[in-house]
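# what follows is a protein structure lacking sequence information:
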């Protein structure tokens, strides 16, 4: 299934649980694809790294590497695209002055694009100056957009070098290399970006998971879950895992894997030893790689967290009440801190 279609499936994912923690109504909007999702630039970088490592053929199809400055934020990227859109609009609708005056059309396009993407105050001349400065800074990117024949996302040379360094770091790291590359003679099977649609066995809720990498080792009777995470530092990584819900995410994935092992592979997961690893990729200039083994105690911690939130989700799902929390509906209207 195409990735876009996967995200449209009205099922509970680990990501949706993060929205439930904000509020039940936000969770419902996310599930129904009603929540406006603006992809952050740093998330896009994580996606680039994931694809380059786990789906290299897809990466080549979707990205092109360039040797000039590219937008460093979603706002900058959208500004450039909007500028070109306004520049190519039918100027006859704007009057004769625009049709016959390229500079006027240029200024109008810069102002419109800048105001669409940035909060603007003050004199129009200053706004226009800021817009022109940004365009000139990204002029080669703008020129690329106007001339491109294939609609690929672009990757700066510096980001490509960072990805290359990470891939080299994986090859040098004995466990990362073993987990992320299997030779042709291996008795192991591996799946990347594995989509699993499953039902929660406790509440019978429809769920879905997209797992970075799953390995089934028949010789050693092991099922290995591998998840890639990007980080700017490895300091206090355990607390980072706890704060960002990684332990809960791994527990959620194991429910999906148990279902998939039984229903897709026709195997009994109890015949296998389960192993969980996070391959952490440092995205700063040193591009370091570490592999963390997630021990059972942390999976149990994640499981407790998952079951607690799924109990509340199940209540809202059954009652079809989403405006307030469960505590609000069954109590006096107050929520616990």
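Alright, I've got the coordinates. Bear in mind the structure is a predicted one, so any value in this text is a computation, not a measurement.
# just give me the longest helix of the chain.
For the chain, the longest helix by residue count, based on DSSP state H, is helix 296-319.
# and the following helix or strand past that one, what does it pack onto?
For helix 296-319, the succeeding helix or strand toward the C-terminus, using DSSP states H and E, is helix 326-330. The contact analysis (3 or more C-beta pairs under 8 Å, 6 or more residues apart in numbering; DSSP states H and E) places helix 326-330 against helix 296-319. For every residue, glycine as well, the C-beta is placed using N, CA and C.
# list the buried ones in the helix it packs on?
298-299, 301-303, 305-306, 309-310, 312-317 (16 or more other C-beta atoms under 10 Å).
# for residue 319, which non-adjacent residue is closest in space?
residue 329 (7.3 Å; C-beta to C-beta, 6 or more residues apart in numbering).
# neighbours around the one you found, how many?
14 (other C-beta atoms under 10 Å).
# before we move on, what about residue 277?
By other C-beta under 10 Å, the residues close to residue 277 number 22.
# hang on, the earlier thing: which of the buried residues of helix 296-319 lies closest to residue 325?
residue 312 (7.8 Å; C-beta to C-beta).
# please compute how far the longest helix of the chain lies from its chain's middle.
Between the centre of helix 296-319 and the centre of its host chain there is 22 Å, according to C-alpha atoms, centre = their mean, to the nearest Å.
# give me the contacts around it.
For helix 296-319, contacts defined as C-beta atoms under 8 Å, 6 or more residues apart in numbering pick out 12, 17, 20-21, 24, 27-28, 200, 202-203, 205, 238, 241-242, 245-252, 254-255, 276, 322, 325-326, 329.
# so where's this protein uncertain?
For the chain, the stretches flagged by pLDDT under 70 are 35-44, 89-102, 149-151, 182-185.
# try it again at 50.
38-42, 91-92, 94-101 (pLDDT under 50).
# domain assignment for it?
Per automatic domain parsing, the domain ranges recorded for the chain read 22-38+158-328, 71-137.
# got these as a markdown table, with distance to residue 5 columns?
Below are the domains of the chain laid out as a markdown table (distance: least, C-beta to C-beta, whole Å):
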| stretch | distance to residue 5 |
| --- | --- |
| domain 22-38+158-328 | 10 |
| domain 71-137 | 23 |
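# sec struct for residue 201, please.
coil (DSSP: H, G, I helix; E, B strand; the rest coil).
# assess the claim that it and residue 256 are in contact.
No: between residue 201 and residue 256 there is no contact under C-beta atoms under 8 Å: 11.0 Å.
# okay, these two: which has more neighbours?
The residue with more neighbours, out of residue 201 and residue 256, is residue 256; 24 against 11, by other C-beta under 10 Å.
# contacts only, for the nearest residue to that one once chain neighbours are set aside.
Spatial nearest neighbour of residue 256, chain neighbours left out: residue 209 (3.8 Å); criterion: C-beta to C-beta, 6+ apart. Residue 209 makes contacts with 13-14, 195-196, 198, 252-253, 256, as judged by C-beta under 8 Å, 6+ apart.
# which residues in the stretch 151-300 of the chain form strands?
153-156, 188-199, 206-217, 222-231, 273-282, 289-293 (DSSP state E, counting those that start in this stretch).
# the ones you listed: which one's closest to residue 334?
Going by C-beta to C-beta, the one of the strands of the stretch 151-300 of the chain nearest residue 334 is strand 206-217, 30.6 Å.
# check which residues of that closest one are buried.
Neighbour count says strand 206-217 has 207-217 buried, by 16+ other C-beta under 10 Å.
# can you check stretch 187-198 too?
Using 16+ other C-beta under 10 Å as the test for burial, stretch 187-198 gives 190, 192-196, 198.
# cool, and stretch 23-37?
24-28, 30-31.
# next one: stretch 255-266
For stretch 255-266, the neighbour count (16+ other C-beta under 10 Å) marks 255-261 as buried.
# hang on, residue 66 packs against residue 156?
Yes: taking contacts as C-beta under 8 Å, residue 66 lies within contact range of residue 156: 6.5 Å.
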